[in-house]
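A.B. asks: no letters, just coordinates:
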């Protein structure tokens, strides 16, 4: 009896842990994608304008550095 | 008798070739305009970008493709309020922008003094496939939005797939049916707001006029008609009806494109009259006047500005 109960509880425990595993992979994926989106948002927020400036300064004909700041 | 030329076989082929020109070649229809630009002509005349206060824009080109822009704005900004009265708060901000415009790649970024970023990217991967992205990012949490569009242009059709944050998905398709008529449809699904909708649109265009109609399951029925009276003048009218909220708006407007200026005006069935003038004072120097008078809400907006470059 005790062995049966213990078997049952082991099985339940086994199923439970498998269920937890499945939940956690889906949740992990969600958490990672949310984390990645948050980081991407911060990177875009700070880096977009510098990226445009770098791409622009390297295009032909190459503009000079002082032209970035002077109003002429 | 000798002077009379008998109707010979020479006249018949000329008549036949004329008929052949008028018959449409259904295998060679022109590519329709993108679905989101369906009401383009009507919007240009009837919805000018009215603003209130002072606006000063300075665009400095560093080379053909790359330019920087500095923009100053001072004036009252409307904030959404629950009551019928409009609440305005005086604001002033400076906006710095960088633009890179290449035939294949376009990058436009604008950042405001309060940290908000407005970014637009348009990348032509191939002749037919284009990726567009538009994002408004701010430092406040949950106030940032972003949308990515994938556009595919076929011989006589265009299709678009759209993905946005807050689980927004959309798709649209427009097809040229005859030389003048194009029909299209769109469908969208917004996950977080639990909304979805489907809509159909039609556009009939000739050299002299454009008529468009759009129906959507969100309740919007929008019809517009633009007549190009001459090269300098076009007149537009617009009718919008929401069959769920039983809201009707109709407006009539004009667009004069003259040598030195562009004048647009409209009047609305909500008692709103607006006008927008862009005058070219000199090469690269534009003076802008904007006025919007809403008699029903008693909201009067007047703005002036200068654009350099």
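C.D. replies: Thanks, I have the structure now. Everything numeric here is computed off the predicted structure, so don't read it as measured data.

A.B. asks: wait, what's in contact with residue B:53?
C.D. replies: By CB atoms under 8 Å, 6 or more residues apart in numbering or on different chains, residue B:53 lies in contact with B:73, B:74, B:75, B:76, B:303. All C-beta spots, glycine's among them, are computed from the backbone N, C-alpha and C.

A.B. asks: quick check: the residue in chain A positioned nearest to chain B vs residue B:309, distance?
C.D. replies: Closest to chain B within chain A is residue A:56: 3.1 Å, counting by CB to the nearest CB. Counting by CB to CB, to the nearest Å, the separation of residue A:56 from residue B:309 is 16 Å.

A.B. asks: who has more neighbours, the two?
C.D. replies: residue A:56 (23 against 14; other CB atoms under 10 Å in any protein chain shown).

A.B. asks: ok, residue B:211 touching residue B:227?
C.D. replies: No - if you go by CB atoms under 8 Å, residue B:211 and residue B:227 don't touch, sitting 9.3 Å apart.

A.B. asks: tell me the residues of the stretch 51-200 of chain B that contact chain A?
C.D. replies: With CB under 8 Å from any CB of the partner chain as the criterion, the stretch 51-200 of chain B meets chain A at residues B:58, B:60, B:62-66, B:68, B:96, B:98-100, B:102, B:107-109, B:111, B:117, B:119, B:135, B:137, B:139, B:144, B:165.

A.B. asks: from those, which ones fall inside strands?
C.D. replies: Among those, DSSP state E puts B:58, B:60, B:66, B:68, B:96, B:98-100, B:107-109, B:111, B:117, B:119, B:135, B:137 in strands.

A.B. asks: show me which residues of chain A are close to chain B?
C.D. replies: Contacts of chain A with chain B, taken as CB under 8 Å from any CB, map to A:37, A:41, A:44-45, A:48-49, A:51-53, A:55-57, A:59-63, A:67-68, A:71.

A.B. asks: buried ones among these?
C.D. replies: Applying a neighbour-count criterion of 16 or more other CB atoms under 10 Å in any protein chain shown, the buried members of those are A:41, A:44, A:45, A:48, A:49, A:51, A:52, A:53, A:55, A:56, A:57, A:63.

A.B. asks: which residue is the nearest non-sequential neighbour of the third one?
C.D. replies: Right, residue A:45. Using CB to CB, 6 or more residues apart in numbering or on different chains and skipping residues adjacent in sequence, the residue nearest residue A:45 is residue B:137, 4.7 Å away.

A.B. asks: I'd say the one you found and residue A:46 touch.
C.D. replies: No - applying CB under 8 Å, one finds residue B:137 not in contact with residue A:46, separated by 9.6 Å.

A.B. asks: and these two? Which one has more around it.
C.D. replies: Using other CB under 10 Å, the more surrounded residue of residue B:137 and residue A:46 is residue B:137, with 21 against 13.

A.B. asks: quickly list what the more buried one is bridged to.
C.D. replies: Beta-bridge pairing of residue B:137 under DSSP bridges involves residue B:117.

A.B. asks: let's have the contacts of residue B:53 in TSV, adding pLDDT, distance to residue B:50 and secondary structure.
C.D. replies: Shown next, in TSV, are the contacts of residue B:53 (pLDDT from 0 to 100; distance: CB to CB, whole Å; DSSP: H, G, I helix; E, B strand; the rest coil):
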residue	pLDDT	distance to residue B:50	secondary structure
B:73	95	13	strand
B:74	95	16	strand
B:75	94	12	strand
B:76	93	13	strand
B:303	96	7	strand
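
A.B. asks: for chain A, state which of those is nearest.
C.D. replies: residue B:73 (18.4 Å).

A.B. asks: burial of residue B:97, as a residue count?
C.D. replies: Residue B:97 has 19 nearby residues by other CB under 10 Å.

A.B. asks: show the pLDDT at it.
C.D. replies: Residue B:97 carries a pLDDT value of 94.

A.B. asks: I'd guessed it sits against residue B:108; true?
C.D. replies: Yes - taking contacts as CB under 8 Å, residue B:97 lies within contact range of residue B:108: 7.0 Å.

A.B. asks: helices and strands of chain A: which one bottoms out on pLDDT?
C.D. replies: Ranking every helix and strand in chain A by mean pLDDT, DSSP states H and E puts helix A:2-57 at the bottom, with a mean of 76.

A.B. asks: no more questions from me, cheers.
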